[in-house]
Structures are given as structure tokens and as C-alpha cells.
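Q: Sequence and computational prediction follow.
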Amino acid sequence: MTFREVMRNKTLEEVRANLALNLRTIRLSKGIAQERLALDAGVDRTVVSKIERAVTNPSIEILLKLANQLDVDLNDLFANKLLVGVGANLKRWKKCFTPPPYVAVLGSKLKPKK
């Protein structure tokens, strides 16, 4: 899927939510802590935290640093669906992560909660 297809007809909130879920999922699947990812990528830990909570608009520079450190394509950070195969890390994450209000169900199509 191309970046254009991934981004087509998306609101800013949907893009942030996809980015937040995918970054955290990829990071946890590799067993990397937020602080370690931030340190290795050369960004502040709070930046990673804010991206994963969907409360900031990161620069392309920061996204490239994170994608390179995680050894994924930038496209993967914006994909429509969560990556599979995270296992126990995803179960732990579901318990501690409260998704933003515009995320209806983890892994489903994003839409506002009512």
C-alpha cells in the first residue's frame, strides 16, 4: 500500500491515532522502552510519549529518526491496521494504554466514540 493510499481521506485525528498505535505496537514488538528509543534516535523521551498518546504533531525529521531506529519504513508508522505478532507486549499495552477518545476499538476502523 502506498503512502498516498494510507493517507487518503483521513482526518488529522485519525492520522495521529494510527501513528500513535503503530509506533507503540512496533516499539513494544521489538521490546524497546520509550526512553531507550528516544535516546537511540536522538529525541527527547517526552516526544515519544506524546506521539504515542496522539497529542502532538511530530516533524518529519523526528518521524524519520524513529522509523530508522526501529528499522521500519515511514509508511509503517502510518499504516491503517496494527501489526500482528506482538503477543504478550500488546496484552500488557492494552492494560496500561487508554486510547484517545476518537479511537473506537483497538485495531478497528477509527471513528469518534459516542
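A: Perfect, thanks for sending it.
Q: If we go by neighbour counts, what in the top helix by length along the chain is buried?
A: Selection of the longest helix in the chain by residue count, based on DSSP state H, yields helix 12-29. Across helix 12-29, burial judged by 16 or more other C-beta atoms under 10 Å covers 13-29. Quick note: C-beta positions are derived from backbone N, CA and C, even for glycine.
Q: Could you report the separation of the closest residue to Val43 other than its chain neighbours from Asn18?
A: Nearest non-adjacent residue to Val43, counting by C-beta to C-beta, 6 or more residues apart in numbering: Ile62, 5.5 Å away. Remark: distance between Ile62 and Asn18 (C-beta to C-beta, to the nearest Å) = 16 Å.
Q: coming back round to it: give the other helices and strands that the longest helix of the chain contacts.
A: In terms of contacts (3 or more C-beta pairs under 8 Å, 6 or more residues apart in numbering; DSSP states H and E), helix 12-29 is packed against helix 45-52, helix 60-70, helix 74-77, helix 88-96.
Q: immediately after it, which helix or strand?
A: Following helix 12-29 in sequence order, the next helix or strand is helix 34-41 (DSSP states H and E).
Q: returning to what we had before: would you confirm that the residue nearest to Val43 contacts Gly42?
A: No: using C-beta atoms under 8 Å as the test, Ile62 is too far from Gly42 to be in contact (9.2 Å).
Q: between those two, which one's more packed in?
A: Between Ile62 and Gly42, Ile62 has the larger neighbour count (other C-beta atoms under 10 Å), namely 19 against 11.
Q: now the more buried one: how far from Thr46?
A: 12 Å.
Q: Show me where the protein dips below the pLDDT cut-off.
A: Across the chain, the ranges flagged by pLDDT under 70 are 1-7, 9, 81-114.
Q: 90 - rerun?
A: Per-residue confidence for the chain (pLDDT under 90) gives these ranges: 1-18, 74-76, 78-114.
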